[in-house]
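Sequence plus predicted model, see below.
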Amino acid sequence: MSRVIVVTSGKGGVGKTTLTANLGRRLASLGQNVVLLDTDLGLNNLDILMNIETKVVYDIVDVIEGRCRLAQALVSDAVRPNLKVLPGAHSYDKSKITGQNIKLVVVSLQKMFDYIIIDCPAGIELGFHRAVSSASEALVVTTPHISAMRDADKVITLLKSYALNHAGLIVNRARGDLEATGETLPAKEIADLLKTELIAVIPDDDAVGQLSNFGIGAGGIGMDAIDILARNVHFGSRKIYDASSKYRGLFGAIKRNLKRMG
């Protein structure tokens, strides 16, 4: 049975869509058939992050309204043919699409893929409920900022009203240098405050956001953390990237100073 995972956040701009794209590519690299489903209608940009925007002919609304077959709307990743994207619509009356519409699409996709990863709109409005209602698992993305954590807490509370098998937390853009000096909360403490299992820590690393036709990012620590995330999701392991380890001790202090100067 395929797994349907919604990637959500209370606050916009926390890196949710970038994480969706990176997770999808890493799972595909593990040999899984993966589809990324963009449900952020009107404000979608998953196709741009995946560098497939020029290949999009049909979108999810076309599928729902019967203008094309589901297979016609799926766009293949340039590197991994076992990774597809079902794009969202750039302009549409979002109120016409219901959770049941999305669920019917997801049911059809389950016959074709091992993983269906739903990129959920930010916030807790109609788009959130429309996306979550089709999922069996959730990954909540936050950053160590108080506003992002507060909004993540609201999302986690709402998720409890759905019959999800599991909900986990991803702390994105973790600043290990600030954790080492106590200037920001460690990811484990954030998870404890939000009463949600910590699934992954992704460090503040430009490589995480650099997707291209040649793969994900440019390598480095951020990509190592993404790999840990994918393996935790797929294999059920619970290894957590330690963002502050290299900033501890004497040499760590030097690295902290260099980072602040940079």
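Happy to help now that I have it.

Stretch 52-71: end-to-end distance?
16 Å (CA to CA, to the nearest Å).

Pretty sure residue 199 sits against residue 167.
No - Residue 199 sits out of contact with residue 167 when judged by CB atoms under 8 Å, with a separation of 9.3 Å. Placement of C-beta: from N, CA and C, glycine included.

between these two, what contacts are shared?
Shared contacts of residue 199 and residue 167 (CB atoms under 8 Å, 6 or more residues apart in numbering): residue 139.

Count residues in the vicinity of the residue lying closest to residue 166 once chain neighbours are set aside, would you?
Distance criterion CB to CB, 6 or more residues apart in numbering; nearest residue to residue 166, sequence neighbours excluded, is residue 137 at 5.0 Å. When counting by other CB atoms under 10 Å, one arrives at 17 neighbours for residue 137.

before we move on, what about residue 168?
For residue 168, the neighbour count with other CB under 10 Å is 19.

Same question for residue 59.
22.

what separates residue 69 from residue 105, distance-wise?
According to CB to CB, to the nearest Å, residue 69 and residue 105 sit 12 Å apart.

Now list whatever residues contact both of the two.
Common neighbours of residue 69 and residue 105, counting by CB under 8 Å, 6+ apart, are residue 63.

of those two, who's got more company?
When neighbours are counted by other CB under 10 Å, residue 69 and residue 105 differ, and residue 105 comes out ahead with 21 against 12.

Quick check: phi and psi at that one.
Per-residue torsions, residue 105: phi -70, psi -40 (degrees, to the nearest 10).

show me what contacts it?
The contact partners of residue 105, by CB under 8 Å, 6+ apart, come to 37, 60, 63-64, 70, 86, 134.

quick one: which of those has the most company?
Going by other CB under 10 Å, residue 37 tops the contacts of residue 105 with 29 neighbours.

Are we agreed that that one is in a strand?
Yes - counting by DSSP: H, G, I helix; E, B strand; the rest coil, residue 37 is found in a strand.

Tell me what it is bridged to.
Note on residue 37: beta-bridge partners residue 86, residue 118, judged by DSSP bridges.

Begin at 5, not 1, for the rest of this chat.
Sure thing, new numbering starts at 5, so read that last one as residue 41.

List the buried residues in stretch 227-234.
Neighbour counts using 16 or more other CB atoms under 10 Å place 227, 229-234 of stretch 227-234 among the buried residues.
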